[in-house]
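Chemist: Build the 3D model from these lines:
(2 chains)
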Amino acid sequence: MASRSSSAVRYIIEEPASPEETQRLFGIKGKRAAKLDRWVTEALAATKDVHHASKKKAKSGSKRKARHSAKKPAQASRTRASFLSA
Amino acid sequence: MSASNVFLNVPFDREYEPLYVAQIAALTAFGSTPRSVLEIPPHRGRLERLRTIIDGCEASVHDLSRVELWGKPPLPRFNMPFELGLALGIHRNNHKWFIFDSKPHRMSHSLNDLGGYDPAIHEGTPEGVLRAVTNAFGRKSLKVRHDDLITLWSALRAVVPRVRRERGSLFTRAAFEDLVVAGQKSARAHFSRK
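Modeler: Modelled structure (predicted):
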C-alpha cells in the first residue's frame, strides 16, 4: 500500500515553511511583498485587540455573573423573611 | 520535493470561501505551503503543470463536500475527484492524502472505490475545517493549539477584504498566493511571540 488517507495517518511537518521561500516560489517581491507585510501586521494587531477585548468582556461578564449569583441568597432570604413576617 | 508542500484540492465558489480561508489559515499554521491548481494560468499544458505541482507535494487535502450538480445546465463537478485520482496516480509512495467531506457516509455512496478510508468530516463549517486539519497535520517542533488556529484564522480573515478588493476574487492565482504568504507570515509572527 503506497499511501494512506484521512484519519488513518497524521502527517507531521518537520520544519515550517519559510514565507520568504514561498514568496520566491510565487515570484512575489518588492511592493507586493511589502504590502503583504503591512496587511499581516495590521491584521494581527486587529486580531490581538479583538482577542483582548473578548477576554476582557468575558472577564467582566464572569464578574457580573459572580455578583449576580452572590445577590441571590440575600434576595432569597429577604423573600423568606418577608414571607415569615407576613 | 518540499516536505511542507500540501496540495489543496477544493471547490472554487463563493459559498466555499470561508472554508477555503480556514484551510489556508490552518495549513500555514501547521507550517505547510498550500499549493493549488489556481497557480496555473488557464492555457495549454495545464494538465502537465498540474501534475508537476502535485508531484512536488508530500501531502494533499481533497475536499469532496461539493461533489454535486452545479451550474447551468447542472452537471457533476468532476475536478475534485479528478485531482484526487491524479494525486493517487502520481504518488505511489510516501504521499499522505486526506479526504474532507461535510457529512459522514456521503463519500461511500459516490466513490466506493475508496471504501475503508474515512473522510474527515467538517460539517461545512470553517471551525470544522480547523478541526479536520488539526487531526490530519502536526508539527514536530511546535504544538499548534486550537487557540492559535483561531487567532491565525481571524488574522487571515482580516486580510481577505483587501485581497478581494485588489484581486476581484479569492480564487485567482494572485489571491491564492497572497493568502498563502499572508498565512505563513502571520503564523511566523504569532509563534515567534509565544
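Chemist: C-alpha from now on. contacts and neighbour counts both.
Modeler: OK.
Chemist: Quick one: low-confidence residue ranges for chain A.
Modeler: A:1-9, A:49-86 (pLDDT under 70).
Chemist: now do chain B
Modeler: Within chain B, the stretches falling below the threshold (pLDDT under 70) are B:1-3, B:44.
Chemist: Need the outlier residue of it, farthest from its centre.
Modeler: Distance from the C-alpha centroid of chain B peaks at B:Pro73, with 27.1 Å (CA atoms, centre = their mean).
Chemist: Validate this expectation: that one resides in a strand.
Modeler: No. Using DSSP: H, G, I helix; E, B strand; the rest coil, the secondary structure at B:Pro73 is coil, not a strand.
Chemist: For it, give me the backbone phi and psi.
Modeler: Backbone torsions of B:Pro73, given as degrees, to the nearest 10, read phi -70, psi 150.
Chemist: go on, B:His62?
Modeler: phi -120, psi 110.
Chemist: With B:Arg139 instead?
Modeler: The phi/psi pair for B:Arg139 (degrees, to the nearest 10) reads phi -130, psi 130.
Chemist: For it, give me its contacts.
Modeler: Contacts for B:Arg139 (CA atoms under 8 Å, 6 or more residues apart in numbering or on different chains) come out as A:12-16, B:30-31.
Chemist: where's B:Trp70 relative to chain A, distance?
Modeler: Distance, B:Trp70 to chain A, by CA to the nearest CA, to the nearest Å: 26 Å.
Chemist: which residues sit in contact with that residue?
Modeler: B:76-77.
Chemist: any residues touching the strand or helix carrying B:His190, and which ones?
Modeler: Per DSSP states H and E: B:His190 is located in helix B:173-193. Residues from elsewhere that reach helix B:173-193 (CA under 8 Å, 6+ apart): A:17-19, A:22-23, A:26, A:36-37, A:39-41, A:44, B:21, B:24-25, B:28-29, B:31, B:33-34, B:38-41, B:148, B:152, B:155-156, B:159-160, B:163-164, B:167, B:169-170.
Chemist: List only buried entries from those residues.
Modeler: In the contacts of helix B:173-193, burial by neighbour count holds for A:17-19, A:22-23, A:26, A:36-37, A:39-41, A:44, B:21, B:24-25, B:28-29, B:31, B:33-34, B:38-39, B:148, B:152, B:155-156, B:159-160, B:163, B:167, B:169-170, counting by 16 or more other CA atoms under 10 Å in any protein chain shown.
Chemist: Filter the residues you listed down to just the ones in strands.
Modeler: Cross-referencing the buried ones among the contacts of helix B:173-193 against strands under DSSP state E gives B:33-34.
Chemist: In helices, which of the buried ones among the contacts of helix B:173-193 fall?
Modeler: A:19, A:22-23, A:26, A:36-37, A:39-41, A:44, B:21, B:24-25, B:28-29, B:148, B:152, B:155-156, B:159-160, B:163, B:167 (DSSP state H).
Chemist: Now do the contacts for the residue farthest from the centre of chain B.
Modeler: So B:Pro73 contacts nothing (CA under 8 Å, 6+ apart).
Chemist: Chain A versus that one, what's the distance?
Modeler: Between B:Pro73 and chain A the distance is 33 Å, computed by CA to the nearest CA.
Chemist: Would you confirm that B:Ala136 contacts A:Tyr11?
Modeler: Yes. When contacts are counted by CA atoms under 8 Å, B:Ala136 is listed as touching A:Tyr11 (6.1 Å).
Chemist: The two: which is more packed in?
Modeler: Between B:Ala136 and A:Tyr11, counted using other CA atoms under 10 Å in any protein chain shown, the more crowded position is B:Ala136 (23 against 20).
Chemist: Run through the residues that contact the nearest residue to that one once chain neighbours are set aside.
Modeler: Leaving aside its chain neighbours, B:Ala136 sits nearest to A:Arg10 (4.9 Å; criterion: CA to CA, 6 or more residues apart in numbering or on different chains). Neighbouring residues of A:Arg10 by CA under 8 Å, 6+ apart: B:135-138.
Chemist: Out of these, which sit inside strands?
Modeler: Using DSSP E, B:137-138 are the members of the contacts of A:Arg10 that sit in strands.
Chemist: who wins for most neighbours among the contacts of A:Arg10?
Modeler: Neighbour counts for these peak at B:Ala136, which has 23 neighbours (criterion: other CA under 10 Å).
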